[in-house]
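> got a predicted structure here, sequence first:
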Amino acid sequence: MKEKNGIFSMVKLGLILAVYASVSCFVLALVNNFTAPKIKQNQIEKINSAMKEFFPDDGYVFEEVKDFEQSARGTIKIESVYLAKKDGVIEGGAVQVSGPTYDTATIFAGIRKDGTIQGIKFLKLTDSPGFGLKANDPTYTLSKSGLTFYGQFEGMNVNDGFTVNETFEAISGATITSAGIGTLLSEGSACLLKEFAK
């Protein structure tokens, strides 16, 4: 009799857990259904705003490229590529690229056809507060240049490469984050330059 009660209790507990799991899955799916379109819309608005900052003159038309080449590095993903055209001629573009830093980052970089960086925006950065997050901190300035970490890239030419403390200054105490951002810029700009050359 005790054995039957034990089996019954286990089945009952299993059924209760299954109900809880089902309800949790349903609630998560429901929340995702409501938030996913808003998150995507916010991302689109950020990208449109950044494109206008990178290419502020009138007359630019921004076109999304669908068949761009992915990075050969498996850990880095080219998320999206846009071309900035004026009178049908490519004048520059922008690339959204994600990959490892100390944790992970997603950046959006605007580059002119001659390789000059127009600017970079962080769409996501999950590195350590007080260290890696300085990469996206407008109040943090580098000791040598006095610029923000992301601000130092504006005006730089991608053809000069991205080598820590040679072609750009690292964040003190966050070399891994700095190098990671340099690699993202390197891979993203390589992809974009290929689109310019097509």
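Structure's in. What do you need? It should be emphasised that the depicted structure is a prediction, and the values quoted were computed from it without experimental measurement.
> what distance do you get for the residue nearest the centre of the chain to residue 123?
Residue closest to the average C-alpha location in the chain (C-alpha atoms, centre = their mean): residue 106, at 1.3 Å. Computed as C-beta to C-beta, to the nearest Å, the residue 106 to residue 123 distance reads 4 Å. Backbone N, C-alpha and C define where each C-beta goes, glycine included.
> try residue 110
13 Å.
> quick check, pLDDT for residue 68.
At residue 68, the model reports a pLDDT of 93.
> quick one, helices of the protein?
Using DSSP state H, the helices of the chain run over residues 2-54, 175-197.
> closest one to residue 74 among those?
Nearest of the helices of the chain to residue 74, taken as C-beta to C-beta: helix 175-197 at 11.3 Å.
> ok, back up a step: neighbour count: residue 110 and residue 123, which is higher?
The residue with more neighbours, out of residue 110 and residue 123, is residue 110; 24 against 18, by other C-beta atoms under 10 Å.
> ok, the more buried one to residue 121 distance?
Taking C-beta to C-beta as the measure, residue 110 falls 8 Å from residue 121.
> now for those two: what residues contact both?
Each of 50, 53 lies in contact with both residue 110 and residue 121 under the rule C-beta atoms under 8 Å, 6 or more residues apart in numbering.
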